[in-house]
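A.B. asks: Provide a 3D model corresponding to the input given below.
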Amino acid sequence: MEMVIDFPGGARVDAHFGPFTVRTDQPVKAGGEDSAPTPFALFLASLGTCAGIYVVGFCRQRGLPTEGIRLVQTMGHDSVTGKLSRVDLDIQLPAGFPEQYREPLIRAASQCAVKKQLEHPPVIEVKTSIQG
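C.D. replies: Numbers count the residues shown, from 1 in each chain. Presented below is the predicted three-dimensional model:
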């Protein structure tokens, strides 16, 4: 898969892949217009939404309704470096959700591809090339 990243103006940076465009921006205090999420916010959202797909799949396979289920993701930061140090995903279940499925649901959400990739990160190489 290839993504093309371009710079449509200001502090905006967009990613194009397949039929999709993902727009990002920076907050006003960082020189942007706050017109879209920051790239880091999208990174964090990819973790929660990926886990959510696994929750939906688990429920569908067992004929369980997803109404009233939601994931709440919270992040902790290192007080010295300010870097992300922890991500907690709380799968909030409605009253009456079958007890026997709670632990298996956690295991299913833990299989999220984004989480697994973070546990074993890829090599990232940055280079330049001249077009034309």
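A.B. asks: tell me the contacts of the residue lying closest to residue 93 once chain neighbours are set aside?
C.D. replies: Sequence neighbours aside, residue 69 is the residue nearest to residue 93 in space, at 5.9 Å (criterion: CB to CB, 6 or more residues apart in numbering). All C-beta atoms are positioned from the backbone trio N, CA, C, and that covers glycine. By CB atoms under 8 Å, 6 or more residues apart in numbering, the contact set of residue 69 is 55, 59, 91-94, 97.
A.B. asks: What of residue 70?
C.D. replies: Taking CB under 8 Å, 6+ apart, one finds 91-92 in contact with residue 70.
A.B. asks: For it, grab phi and psi.
C.D. replies: With angles defined as degrees, to the nearest 10, residue 70 sits at phi -150, psi 160.
A.B. asks: quick one: it from residue 85, how far?
C.D. replies: From residue 70 across to residue 85, the span is 24 Å (CB to CB, to the nearest Å).
A.B. asks: ditto for residue 62
C.D. replies: 34 Å.
A.B. asks: again with residue 22
C.D. replies: Distance from residue 22 to residue 85, by CB to CB: 26 Å.
A.B. asks: Mind checking which of the two has more residues around it?
C.D. replies: residue 22 (15 against 12; other CB atoms under 10 Å).
A.B. asks: what's the closest non-adjacent residue to the more buried one?
C.D. replies: residue 15 (4.5 Å).
A.B. asks: domain ranges for the chain?
C.D. replies: 1-36, 39-119 (automatic domain parsing).
A.B. asks: Looking at this structure, which helix is longest?
C.D. replies: If you go by DSSP state H, the chain has its longest helix at helix 39-62.
A.B. asks: Now it: buried residues?
C.D. replies: By neighbour count on 16 or more other CB atoms under 10 Å, the buried set for helix 39-62 is 44, 47-48, 50-52, 54-55, 58-59.
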